[in-house]
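Q: Got a sequence here, can you model it:
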Amino acid sequence: MERSYQASTALLADDMAINPVAPMRVSQQCLALTMIGLGLLGFVYGDVALVWQQLPMEHMPGAKAIAYAFAAIEWLAGVGLLLRRWTTPAAALLTAFLLIWAVALKLPGVIAMPSMEITWLGLGEVTVMLAGAWVLFARNMGDRSGWLRPITGQRGIRAARVLFALSLPAIGLAHFFYSEQTVALVPAWLPYRLGWVYLTGAGSIAACLAVLFGVLPRWAARLEAAMLGIITLMVWVPAIVATPTDRTAWTALVISAAIACGAWVVADSYRATP
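A: Numbering: from 1, shown residues only. Model prediction:
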């Protein structure tokens, strides 16, 4: 009994320890692969990730150079997350990049058109990815003092979870505001397609409340990540099989997978939490 207690305590302490040599998990590796994929798409097409990463002006000076810079950052961050010695700087780079992406490319739309739900959706999708990157950054940086204290260690992880939760209503509400467009993405072989749209939208809102109020937050985050992953596989993989050269489908697949992996990383931050 005592050995079991000691083993459990050791496991909990190891998992909750926030240090620069934190173990690499599958969720981190999958998020890294999606970033590498996003970078490769940027290099191939010489453009940003369409509506998900749209620049303020389509033909702005230096747009191609910006697109290649974005692709390089995504690729470098993704590769760095796969290499243990580079995990911390890669997580810092990805967190900063996604924060700029959210603030510079998505937040202005929300401020300009706050009543248009799609602007909130675009911001929410990016901030889910940002929450995942922030968890990795906070976990690998460990508890720091000074201005880094609120964003690293356990404080940083808790803040990232809140950001994740606050991002979910925008994703869930889009299923209600744009149900007609969302139904078109549901596989034709599924019965009650509109019902699935409403169910998944309500699921994201429920996950938000569960994480914010601490009602089985680990399971809420896991189920949200699983739902986003299943949606990615059921919607965008068949689209690519149908039209393998469709750039939009490839970009949508990688972005959707990155959002699901961001949620997965957040869910993993609850591992061994009572």
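
Q: What strand or helix carries residue 65?
A: Counting by DSSP states H and E, the element that carries residue 65 is helix 63-82.

Q: Give the next helix or strand downstream of that helix.
A: Scanning forward in sequence from helix 63-82 by DSSP H and E, the next helix or strand is helix 87-100.

Q: mind listing what's buried in the helix holding residue 65?
A: 63, 67-68, 70-71, 73-82 (16 or more other C-beta atoms under 10 Å). In this view, the C-beta of every residue, glycine as well, is placed from N, C-alpha and C.

Q: out of the residues you listed, who's nearest residue 269?
A: For these, the minimum distance to residue 269 (C-beta to C-beta) is 15.2 Å, reached by residue 81.

Q: is it true that that closest one touches residue 89?
A: No. Residue 81 is beyond contact range of residue 89, at 9.9 Å (criterion: C-beta atoms under 8 Å).

Q: sec struct for the residue nearest to residue 132 when sequence neighbours are not counted, please.
A: Nearest residue to residue 132 in three dimensions, chain neighbours excluded: residue 262, at 3.1 Å (C-beta to C-beta, 6 or more residues apart in numbering). The three-state label given to residue 262 by DSSP: H, G, I helix; E, B strand; the rest coil is helix.

Q: so what's residue 262 up against?
A: By C-beta atoms under 8 Å, 6 or more residues apart in numbering, residue 262 lies in contact with 31, 128-133, 164.

Q: now with 6 Å?
A: Residue 262 makes contact with 128-129, 132 under the criterion C-beta atoms under 6 Å, 6 or more residues apart in numbering.

Q: Neighbour-wise, which one of those leads?
A: Counting neighbours by other C-beta atoms under 10 Å, residue 132 comes out on top of the contacts of residue 262 with 34 neighbours.

Q: re earlier: the contacts of residue 262 in helices, which ones?
A: The members of the contacts of residue 262 that map onto helices under DSSP state H are 128-129, 132.

Q: Any chance of CSV for the residues you listed, columns pLDDT and distance to residue 184?
A: Listed next are those as CSV, based on pLDDT from 0 to 100; distance: C-beta to C-beta, whole Å:
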residue, pLDDT, distance to residue 184
128, 98, 23
129, 98, 25
132, 97, 28
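
Q: got the buried residues for the helix or strand hosting residue 180?
A: Element membership for residue 180 (DSSP H and E) is helix 179-183. Neighbour-count burial for helix 179-183 flags residue 182 (criterion: 16+ other C-beta under 10 Å).

Q: And stretch 114-129, by the same measure?
A: 117, 119-129.

Q: now these as a markdown table including distance to residue 229 and secondary structure?
A: Output for the buried residues of stretch 114-129, formatted as a markdown table (distance: C-beta to C-beta, whole Å; DSSP: H, G, I helix; E, B strand; the rest coil):
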| residue | distance to residue 229 | secondary structure |
| --- | --- | --- |
| 117 | 23 | helix |
| 119 | 25 | helix |
| 120 | 22 | helix |
| 121 | 18 | helix |
| 122 | 20 | helix |
| 123 | 21 | helix |
| 124 | 17 | helix |
| 125 | 14 | helix |
| 126 | 18 | helix |
| 127 | 18 | helix |
| 128 | 12 | helix |
| 129 | 14 | helix |
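
Q: Distance from the chain centre to stretch 178-194, please.
A: The chain centroid and the centroid of stretch 178-194 are separated by 23 Å under C-alpha atoms, centre = their mean, to the nearest Å.

Q: Between the two ends of it, how far is it?
A: Distance across stretch 178-194, first residue to last, is 11 Å (C-alpha to C-alpha, to the nearest Å).
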